[in-house]
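Q: Quick one: sequence plus predicted model below, questions after.
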Amino acid sequence: MIQNIQEFHSQLIDKKITISDLVNYYLKNIEKKNKDLNIYLEVFDDVLTIAKQYDAELENKSSDEIKTFLETKKLFGVPVAIKDNILIKGKIASASSKSLEKYVASYDATTIVKLREAGAIFLGRVNMDEFAMGGSTENSAYGVTKNPLNKEYVAGGSSGGSAAAISADMALITLGSDTGGSIRQPASYNGVIGLKPTYGSVSRHGLMAMASSFDVIGPFSKDIDDVKMVFEIIKGQDELDSTTHGEMQPMTKNKIKVGIPNEFIFTEGVSEEVKESIKDVSEKLKAQGVEVVDISIPLLKEALALYYILVPAEVSSNMARYDGVRYGEAVSTNNGIEDYLQTRGQLLGPEVKRRIILGTYILSAGYHDAYYKKALIFREKLIQDVKEKFKDVDVILTPTTPDTAFKIGEKVTDPLALYLADIFTVTANLVGMPAISVPYMTDKGETGTENKMPLGLQFMANTDDENVLFSIVKML
Amino acid sequence: MTNPIQESDITNLANLSRISLTEAETTKFTKDIQAIVGMIDVVNSTNVSDDLLKQEGFAPINKIREDIQKETNYLTPQEIVSAAPNHQDNSVKVKKILGDNE
């Protein structure tokens, strides 16, 4: 069917397709496959009505008029699915948690306002790990999302529904959020593109906070031009998020230099196939005049530890608001304190509780200095280290994940094993820099089957240098 | 390495975090958090100078908007309060904090 926004809009101009046609195509796919894959938590009931209204707007326009109109409404009629932690006014936003099962958003996230202004149509909300904590959607209170490429495998997470919806052809564009790899890792596992923008380039207003100094919203698509366009629409300073900033850097470089950190390649658990594919891509880039060099960032080895200190600390603070008083569901007992204990004890899932308790430990007297304060210092040193490297190279290349998707249930009892899958992605969030995952290779598949699973390459760039990422991805 | 976390620590931390845990959860979280703390302990066991923390410009700077009153129809108090599970007369309703209710 339609591969990208440009193709869709060309067909709208030529009157070969209607918006309702495309919406119906996705709705049929959802109807056919969602029961099994569990990607959408809800398909909005107003989708077709809106599609018909939008079609009516184009009906009496000539092809030239439609062309001019679409230059100002760049996402007109584009069906988009939204991760369940981004607020759309009047719609449920549950963050895949029992605690917010019926919570109806009282306002729109800034990204939603911007997408709507550009003409996007919201198809529905998609599954995730509860409150974005996890890497497989196995922590969703509404069941795991299966990988559309092989249903025995996870779709990754936490934005597993957003990545799988693209891979299963259930939306043209989706939004996810990335705190430590939650866009890039599922993009890698599903063979689609996922962008984690620079911290503060996209407003977090209306995104349920997980770790406020790490979180960022970003797009998924099969097409790099679509990723770029959606990013350009959702980014920008927002007075409702004081950590947002202005513009991204223009693309001025005519030659790109890529660095591959030794620390990544020698990481335990990186398969031979992955190492081979990194070599392969370096050769391919070199053939196009890209300089590829080895670099070293010694602190990368500590990155995962820093991440699992700072993030639970921020999580434990941010999650305090889900007390059954202000939002969502509440368990009622015979006194107020017991209400809090039971609401949070019964309605939050195990991973969320584990991280709140870990964060509370890290921030408690005696451990705050040993862990949290030291991690803040290391984070600053890491930022300086990585900034220094970007004086020499334009992009840092690694695999997105050490390996392809794992089987559902394989890591569910061992949180630490799951955390290790984040080893390549957390650095970009610690330093606030942009990174993108693009499909590049597949594994050999299970013996005796044709079920090859994809794996992404990750390119990371300096703050606000998304344009370099878009350029290098186009060279693959 | 700091002392390994005990089940009694997890119980205390859960209480501090206002989370009731079952016995099975307490046992499981103790084991899990011991393993995670083992992984993050590399940070605790490394000596670093905190000079960086004292440097000007260490913390990210928030851009604060001007403190001026603006007319807005953005969100009404009713809209905010209606999200609360228990509300009455435009206020969030909570239980008595001293003694049992009813």
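A: It's in. Numbering: from 1, shown residues only, chains lettered A, B, ... in the order given.
Q: Now the phi/psi pair for the one residue in the stretch 1-150 of chain A that gets nearest to chain B, please.
A: Chain B sits closest to A:Ser106 of the stretch 1-150 of chain A, with a gap of 4.5 Å, by CB to the nearest CB. For every residue, glycine as well, the C-beta is placed using N, CA and C. Backbone geometry at A:Ser106, expressed as degrees, to the nearest 10, gives phi -90, psi 0.
Q: Low-confidence bits of the stretch 351-476 of chain A, can you list those?
A: A:445-451 (pLDDT under 70).
Q: How about the residues of it by chain B?
A: A:353-354, A:356-358, A:360-361, A:364, A:367, A:370-371, A:373-378, A:380-381, A:415-416, A:419 (CB under 8 Å from any CB of the partner chain).
Q: mind running it again at 10 Å?
A: Proximity of the stretch 351-476 of chain A to chain B, by CB under 10 Å from any CB of the partner chain, involves residues A:351-364, A:366-367, A:369-381, A:383-384, A:413-417, A:419-420, A:432.
Q: which residues sit in contact with A:Lys228?
A: Residues in contact with A:Lys228 (CB atoms under 10 Å, 6 or more residues apart in numbering or on different chains) are A:193, A:195, A:219, A:221, A:466-467, A:469-471, A:473-474.
Q: Return the members of those classed as buried.
A: By neighbour count, with 16 or more other CB atoms under 10 Å in any protein chain shown, the contacts of A:Lys228 hold A:193, A:195, A:219, A:221, A:466-467, A:469-471, A:473 as buried.
Q: Could I get those in TSV, plus columns for secondary structure and distance to A:Gln458?
A: Formatted as TSV, these follow (DSSP: H, G, I helix; E, B strand; the rest coil; distance: CB to CB, whole Å):
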residue	secondary structure	distance to A:Gln458
A:Ile193	strand	11
A:Leu195	strand	11
A:Pro219	strand	16
A:Ser221	strand	16
A:Glu466	helix	14
A:Asn467	helix	17
A:Leu469	helix	10
A:Phe470	helix	14
A:Ser471	helix	16
A:Val473	helix	11
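Q: Which member of those residues is positioned nearest chain B?
A: Looking across those and measuring by CB to the nearest CB, the closest to chain B is A:Glu466, at 19.1 Å.
Q: My read is that the closest one contacts A:Met229, right?
A: No. Using CB atoms under 10 Å, A:Glu466 is not in contact with A:Met229, being 11.9 Å away.
Q: Identify the spatial nearest neighbour of A:Lys253, chain neighbours not counted.
A: Leaving aside its sequence neighbours, A:Lys253 sits nearest to A:Asp394 (CB to CB, 6 or more residues apart in numbering or on different chains; 6.1 Å).
Q: For burial, what's the neighbour tally of the one you found?
A: Neighbour count of A:Asp394, defined by other CB atoms under 10 Å in any protein chain shown: 21.
Q: now swap in the one 10 residues further on and tell me
A: Residues near A:Thr404, counting by other CB under 10 Å, number 26.
Q: and the gap between the most centrally placed residue in chain B and A:Lys353?
A: Centroid check for chain B by CA atoms, centre = their mean gives B:Ser17 as the closest residue, at 7.2 Å. From B:Ser17 across to A:Lys353, the span is 8 Å (CB to CB, to the nearest Å).
Q: anything in contact with each of these two?
A: A:319, A:344-345.
Q: What's the ChimeraX syntax to select whichever of these are buried?
A: ChimeraX command restricting the shared contacts of B:Ser17 and A:Lys353 to the buried ones, with burial defined by 16+ other CB under 10 Å:
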select /A:319,344,345
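Q: Tell me the one of the shared contacts of B:Ser17 and A:Lys353 nearest chain B?
A: A:Gly345 (3.2 Å).
Q: Who are the contact partners of the nearest residue to A:Phe459 once chain neighbours are set aside?
A: Once flanking residues are discounted, A:Phe459 sits nearest to A:Val395: 4.9 Å by CB to CB, 6+ apart. Neighbouring residues of A:Val395 by CB under 10 Å, 6+ apart: A:256-260, A:285, A:290, A:292, A:435-436, A:458-462, A:465, A:468-469, A:471-473.
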